[in-house]
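> structural data only, the sequence is not supplied:
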């Protein structure tokens, strides 16, 4: 029963890779917000595989249908249901998986937990599940934009061993800059190297991982619900709930653990009647609550588990066997994950914005 | 309203540094479990400051009182309430903080959120809040031990620039080994260097950060509630909810993002009728569900914000000022945080064990 | 954000009377349970208007489509999504409601809350919303039947001034008996009078209310989560969440308040190694927990608000006006509500069965 | 795990009749609200037994201690913890209950659920548990009064066979009127009869039940979260969570089911720019949302289970036995329950006020 995210702005996703459809129900959306359905579709298109030569060639239009909660272009405050039909199901492609556990996939663990699994396309652990998140994130972004002058921008900072140096300190990039190349790295030269790295892995039937930086500006101070629902704790949960993620850090992150307090502390100063800090090692949060500075965090993605090489594994019966991935594979999901990172970040921002209002903005 | 952790095994903490007491209410505890109160006290003693020459000298016995939910030494299934009185409150020590925001503390953000704050000792963001977590964790550990042959072991892997190399691959240490030195690093030689590093920071009125590895063995496959309440997502949230944390990684973590799929995938093999993997880059979870391997994760802690050096800051009125920390300070919270990391990990394990039973162990 | 019911077996409904579809997402369903889709459809058919000459003539097949969570006829443990398309939308029929608040409908209150409302067919407060509940209830009934020898039977005990005397003490009726007449009263003679009463109201363009008794047998002792989530408290909430309900009572109910303790107390006796009670004024619960006796409760329904008579009301602009209901109307929803009462009761039973297992059936 | 009430304003109660103390933790309280501790104490004194000659003579001061969340007389937005020590524990008085199940108490059901029970004084199902509710309700009333011109007034409308006729249509009574007699009925003559009835039951070692009317004025339109968390559904749950309750009805209630729609519908009219209704059969809610009219509901209480007469029962071993209640007993809890009804109503009002703000009062 872990398919709900959020407390005030709540989303419930459902659907498997090869069932009839995937989708999301959003509960608690503020009313009277104009919703641009084309924007939702555009976000789904950004997430979609088959967009470029470095992703899987699964061809699905991923057309979103909104069936409730929006009336004459505006949210009504009631649940918004969105679904996307699965049109590219190829059940036979997964026949081999019926009895074999794919290495580093969730086949074995779902089977251990439930004693049954839909072996077609990974079932619920398929990346298609994230469609609902992206659609909900596209709504959340529009609601946030209605109230705040906010920008949420994620981009690829590393692919395999290619790094965008000092990735979180470059000028805040526009979305156009990020979208200007297929790997979604705002530096064109580095992007080119990343693309080559992915192509090389692909040519070998292999895959590579990478990292994403996400930056949020325009959040006001005061969002976050300590002691457990700290803003960064909910961001960490959101990121680690994305398939293939292995790590999260905010502000100074792991490197911050190698500093002295005198070097790490951010100095508060008054600026135009606001309290700001001269540095931002905190990453925009102090004590679990936003301080008005840019929120900056990074997420690590492991390489895609599906590779087109023979791998040893075991059958359900516990016998050794070999498995060879066939057909399509996605040598690097990181560029597409940029859209999912942004969507989850938007959900956290809006949920905390609403939670804060419920306690602190009464009248 | 973010002071609750868990869904089936739920804890609610309350209390501030300088109010009458701090404590925790635990709801949903399985009944008939024998509880050793001395163990709870021992865990609180491990967490307590003033235990050694490298921590703050705050002297409080932190005596736990259990006032409900336990009857003749066993849990009754009803809420367990535990509290610890604050006996070392020194309200005057905080007079200066009344009007000044301490750098990199939560003073400004709590004030932004609520428009009011208890300036004595950090209020709710004080480390004393974690007493409730440790007490609840000590209950959770005993409940887990009743059902599973489980071990949860956290230890310090880095302090400032001193690292225990390959820290998660050393033989699973006993608790005695971890407790054999005041810095809680299982390697005595490295521990000595860490202690020197902390002493050096302290002699300068400065502080240092560090990292903690936590390993869990004995968990059965099947725990975790995708797609959002993945086992590692809840661990990430639990860790990032601990004061001063800036990062979390599981298994291969950030380094895993620099690998190829062919090198990263763990190979399944059958062993004594169980499915195991020959490597554990996954860190014990696949698709958000435990796979029966050791769960291994790391948490990063920034250096303590309180230092005994003059620092620039601003007043509530927005004027520049200087603040000098006085008296006691804790140059490194990481050794004590080992106990909090273990407590939070125990809460996640037990909560997921119960959630899984509620869906999958019906009869 | 109140569109979720349940804690362990959780349902989320969505959809409006005249949007594209209505539906439900079920999270936390136990896995490996065989699901008979024909039974779901049969339950929806029982709920459907237009079944008989005493209901509204809205003609919709209400065909359920399951799009995830069921694989080869069995639940997989992942979210089950079910939807039903709205095929009988007649948006123009509601033009008059665009600016007028219908008396005793939710038009004014939804508008007050959200500042916007879908005026077609009552939007979210339409009875069509209950389709999702009935579909989820049909799943819950099958899951319960897999584990317990349980029967949940609701029937009509009053329509307007026609009463089935001592309605909860008749022999436990079969479903066939209940379904043998269109008013769903197990006594054929009384049923005939009820039908006449409804027809009479209908002939005048008026409506009538009524009462439903629901009895559950086969629940084991121990279900319920005091102090707030008592079994009867969750039943009460479930019943009062059904449109048009105005009251709930369990066991001796309101009449029980007119008794002395010596007459009201149920006497425990040992029977075949079980503790039973000789009477059941408790209605199957003591202290918020089931005691193994039959759970018996009653729900009161007000008369349908829509009538085919001219009524005074006001416009959105606050001017007096008159409104005349046209076309179809449902003179009495109570017989159809029998199905919704059973569905909600099934949800409460299963949710508490699972919650109890999560705390008390660990191993 | 059912010891939490509310979603935005959340309370967690804990404690048993004879443990060290009982109490409550409140999470999510709006900040900066001045709290009069004397009012909390006054509410606890109203709830306390031993206040008058018609209640049990248990003599406990029930002194509330607030240990966090309030600073210099105002709420800080952080958890408020309140406890009350149990000073009148008489464990030996309950020796007989160790092996015998008291009729119509929760002894058997708690034992069935948890396999263990604290037999002293009813454990968690003791009326002492409601102390935490009343303390939390006293906070909620003050928060509500800070924002709204609200009055919540409960009073006794029936004791056994003595009724205050047309009880919900008398002029809205002041609290002084209600408190002017020990049975808390606003009509002095009827109150006298009720008191005689209780005394008579008491003289026989017996007990009587009764009913409470509760009215709330000053709530604005728009509170309630359909479709499940309707305002009246949460009220119903709140009331049925109070020990000894057997029924709930709102507005026209069970009698409303005996009406025709044309007679039941409330007619909307414009009044001073507001939409009002000429009658209030709805009881202040339409479609699960408040409409600005007075909220009116009734709750039924069964007679106290403890009586001073010999009763048949069974032992834990399943043998027939007899039990004779001794010493103190409370012949009628209904007058004291007035305070609990008001407290629970206040919790529902504030929780929905905050939930509404979180979705609809953003800026």
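Great, that's in hand. Nothing here was measured: the structure is a model prediction, and the numbers come from that model.
> okay, CA-based contacts and neighbour counts for the rest of this
OK.
> how about the secondary structure of residue A:46?
Secondary structure, DSSP: H, G, I helix; E, B strand; the rest coil: residue A:46 is helix.
> I figured it hits residue A:337, correct?
No. Contact criterion Cα atoms under 8 Å: residue A:46 and residue A:337 do not qualify, at 9.5 Å.
> which of those two has more neighbours?
A side-by-side neighbour count of residue A:46 and residue A:337, using other Cα atoms under 10 Å in any protein chain shown, places residue A:337 first with 27 against 18.
> which bits of the stretch 1-150 of chain A sit near chain D?
Residues of the stretch 1-150 of chain A lying close to chain D (Cα under 8 Å from any Cα of the partner chain) are A:8, A:28-31, A:77, A:147.
> any of these buried? List them.
A:8, A:28-31, A:77 (16 or more other Cα atoms under 10 Å in any protein chain shown).
> just those now: which is nearest chain C?
residue A:28 (4.0 Å; Cα to the nearest Cα).
> ok, the buried ones among the residues of the stretch 1-150 of chain A next to chain D vs chain D, which is closest?
residue A:30 (5.1 Å).
> could you look up the SS state of the closest one?
Assignment for residue A:30 (three-state DSSP): coil.
> for it, give me its contacts.
Residues in contact with residue A:30 (Cα atoms under 8 Å, 6 or more residues apart in numbering or on different chains) are A:75-77, A:143, D:359-360.
> type out the PyMOL command that picks the buried ones from those.
Here is the PyMOL command that selects only those of the contacts of residue A:30 that count as buried (16+ other Cα under 10 Å):
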select buried, (chain A and resi 75+76+77+143) or (chain D and resi 359+360)
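> including pLDDT and distance to residue D:332, could the contacts of residue A:30 go into CSV?
Output for the contacts of residue A:30, formatted as CSV (pLDDT from 0 to 100; distance: Cα to Cα, whole Å):
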residue, pLDDT, distance to residue D:332
A:75, 97, 51
A:76, 96, 48
A:77, 97, 45
A:143, 98, 53
D:359, 97, 42
D:360, 95, 43
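> who touches stretch A:305-316?
A:99-105, A:204-207, A:320-327, A:329-331, B:261-262, B:265, B:267-270, B:275.
> which among these end up buried?
Buried among these by 16+ other Cα under 10 Å: A:100-105, A:205-207, A:323, A:325, A:329-331, B:261-262, B:265, B:267-270, B:275.
> ok, and the closest non-adjacent residue to the residue of chain A found nearest chain D?
Closest residue of chain A to chain D, Cα to the nearest Cα: residue A:358 (3.7 Å). Among residues not flanking residue A:358 along the chain, residue D:358 sits closest, at 3.7 Å (Cα to Cα, 6 or more residues apart in numbering or on different chains).
> please report how far the one you found lies from residue A:138.
As judged by Cα to Cα, to the nearest Å, residue D:358 and residue A:138 stand 20 Å apart.
> closest one of the residues of the stretch 1-150 of chain A next to chain D to residue A:115?
Proximity of the residues of the stretch 1-150 of chain A next to chain D to residue A:115, judged by Cα to Cα, is greatest for residue A:8, which lies at 33.5 Å.
> next, give phi and psi for residue A:48.
phi -60, psi 140 (degrees, to the nearest 10).
> picking that back up, wait, what's in contact with the residue nearest to residue A:358?
A:8, A:354-359.
> which element is it on?
Under the criterion of DSSP states H and E, residue D:358 resides in helix D:334-360.
> isn't residue A:266 right up against residue A:284?
No. Between residue A:266 and residue A:284 there is no contact under Cα under 8 Å: 10.5 Å.
> switch the contacts of residue D:358 over to CSV; also include distance to residue B:232.
Formatted as CSV, the contacts of residue D:358 follow (distance: Cα to Cα, whole Å):
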residue, distance to residue B:232
A:8, 23
A:354, 26
A:355, 25
A:356, 27
A:357, 30
A:358, 29
A:359, 30
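> quick one: contacts of stretch A:156-174?
A:153, A:183-187, A:190, A:193-194, A:197-198, A:208-213, A:215, A:296, A:334-335, A:338, B:257-260.
> beyond the host helix or strand of residue A:132, next helix or strand please.
For residue A:132, the element it lies in under DSSP H and E is helix A:130-147. Next helix or strand after helix A:130-147 toward the C-terminus (DSSP H and E): strand A:151-159.
> sheet partners, orientation included, of that following strand?
Looking at strand A:151-159 with DSSP bridges, its paired strands and their directions are strand A:162-163 (antiparallel), strand A:210-217 (antiparallel).
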